[in-house]
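Visitor: how does the following fold in three dimensions:
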Amino acid sequence: MIFPQPRGRPRKDSWWDTSTGRWRPLAAPPPQPFAADPTPQPLQPDPEETARRRIEEEERVRVFEAEAARLRALEEANARAADARRREEERLSAPRRYASSLTGCGATVYYFDTHGDFQELGNERERPVRQAPTPPKKRVRVTVDKWVYGPGEKHQLEAGESELVTVSKWVWRDAW
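Guide: Just a heads-up that it's a prediction; the model follows:
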């Protein structure tokens with residue numbers, strides 16, 4: 001029979017024996033409980049498994065570094081493109097900025113813009129945007145062979161008959 005430990009503070013110099021229901025002195029250590037199934041020893045790692053995991057980890061690191069390098073290159077290209085756009089805008093607005101610095105003299109200020117057009121400060125004309133040229137077209141006669149199935153009056157075919165007919169028509173094609 002198992003006797004539960006009594007309530008309250010346990011005694012410092014003894015331990016509770018559940019089989020007898022009494023405090024026992026610490027001189028004799030408490031019996032160790034019997035382990036029905038001993039704790040399994042940690043398995044030694046399989047060398048093939050560790051090699052496979054190491055190779056997989058190296059592959060993941062390589063893929064990660066390649067992707068990081070690709071993203072870095074993409075960010076650098078975007079930064080270069082943004083810098084080029086900013087510099088181009090500055091270059092295009094430089095003549096107007098210089099002309100606007102001369103406004104204190106009381107006269108009308110004229111300047112040449114970056115396209116060589118003569119402009120009046122404050123009354124700038126918009127540069128016409130050219131449409132993308134459409135490629136030249138030419139009219140071509142296309143001849144194709146086509147199967148015609150009966151019945152039909154045009155080709156004088158009875159039911160169940162068919163005939164290979166050459167058909168020509170005019171179409172527009174690129175000149176190149």
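
Visitor: now do the same contact list for L26.
Guide: The contact partners of L26, by Cβ atoms under 8 Å, 6 or more residues apart in numbering, come to 13-15. To be clear about C-beta, it is placed using only N, CA and C from the backbone, and glycine gets the same treatment.

Visitor: at 6 Å instead, please
Guide: By Cβ atoms under 6 Å, 6 or more residues apart in numbering, the contact list for L26 reads 13-14.

Visitor: can you pull up the bridge partners for V167?
Guide: Counting by DSSP bridges, V167 is bridged to V144.

Visitor: helix or strand: which one has N78?
Guide: Assigned by DSSP states H and E, N78 belongs to helix 47-100.

Visitor: and the contacts of whichever helix or strand comes after that helix?
Guide: Sequence order places strand 110-112 as the next helix or strand after helix 47-100, per DSSP H and E. With Cβ under 6 Å, 6+ apart as the test, strand 110-112 has contacts from 95, 99, 118-120.

Visitor: rerun that using 10 Å as the cut-off
Guide: 95-100, 102, 117-121, 123-124 (Cβ atoms under 10 Å, 6 or more residues apart in numbering).
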